[in-house]
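J.: predicted model, plus sequence, below.
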Amino acid sequence: QVQLVESGGGLVQPGGSLRLSCVASGTIYATNIMGWYRQAPGKQRELVAWITGGGGTNYADSAKGRFTISRDYAKNAVYLQMNSLKPEDTAVYYCNADLLITMSARLESWGQGTQVTVSL
């Protein structure tokens, strides 16, 4: 069984920064793409950023220039550094991982979500 545990959310003022962390634990053979999604009230879940096993990255337009995704392969962890936060960044942020639990068995896993609120 695989579990993704997120941390680092909270309340921050506009222009501030937060760093989200997500650690995957359990029976993991390898991690492929890891990423962050977010869902604001009344809206669909949307991609924020992802990072491949080789370190390639992709960002939503709303995140480019402000957010940085990174990972620690040894810890099966992914991070999201968020700077210059705006009220429209307010959402529940979810970690997502595309994993191999054996050499041939693939699993997509989600974290429970962490709330990010950007407000005065």
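T.: Perfect, thanks for sending it.
J.: what helix or strand is the residue nearest the centre of the chain on?
T.: Centroid check for the chain by C-alpha atoms, centre = their mean gives Trp36 as the closest residue, at 2.7 Å. Assigned by DSSP states H and E, Trp36 belongs to strand 30-39.
J.: tell me which other helices or strands that strand touches.
T.: Judged by 3 or more C-beta pairs under 8 Å, 6 or more residues apart in numbering; DSSP states H and E, strand 30-39 is in contact with strand 18-26, strand 46-51, strand 67-72, strand 77-82, strand 91-100. (C-beta placed from N, C-alpha, C; glycine too.)
J.: do you know which of those strands lies nearest Ala40?
T.: Nearest of these to Ala40, taken as C-beta to C-beta: strand 91-100 at 4.2 Å.
J.: parallel or antiparallel, list what pairs with that closest one.
T.: Here strand 91-100 is paired, per DSSP bridges, with strand 30-39 (antiparallel), strand 106-110 (antiparallel), strand 114-118 (antiparallel).
J.: which stretch among those strands comes nearest Tyr94?
T.: Using C-beta to C-beta as the measure, strand 30-39 is the one of the strands paired with strand 91-100 that comes nearest Tyr94, at 4.7 Å.
J.: just how off-centre is that closest one within its chain?
T.: In terms of C-alpha atoms, centre = their mean, to the nearest Å, the centre of strand 30-39 is set 6 Å apart from its chain centre.
J.: can you show me the CA trace of that strand as PDB?
T.: Output in PDB follows, covering the C-alpha atoms of strand 30-39 (Å, rounded to 0.1, in the frame of the first residue of the first chain):
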ATOM      1  CA  ALA A  30      10.200   3.500  -8.500                       C
ATOM      2  CA  THR A  31       8.500   6.900  -8.900                       C
ATOM      3  CA  ASN A  32       7.800   8.300 -12.300                       C
ATOM      4  CA  ILE A  33       6.000  11.600 -12.500                       C
ATOM      5  CA  MET A  34       5.200  13.500  -9.300                       C
ATOM      6  CA  GLY A  35       3.100  16.600  -9.300                       C
ATOM      7  CA  TRP A  36       0.800  19.100  -7.600                       C
ATOM      8  CA  TYR A  37      -2.800  19.900  -8.400                       C
ATOM      9  CA  ARG A  38      -5.100  22.300  -6.700                       C
ATOM     10  CA  GLN A  39      -8.900  22.700  -6.400                       C
END
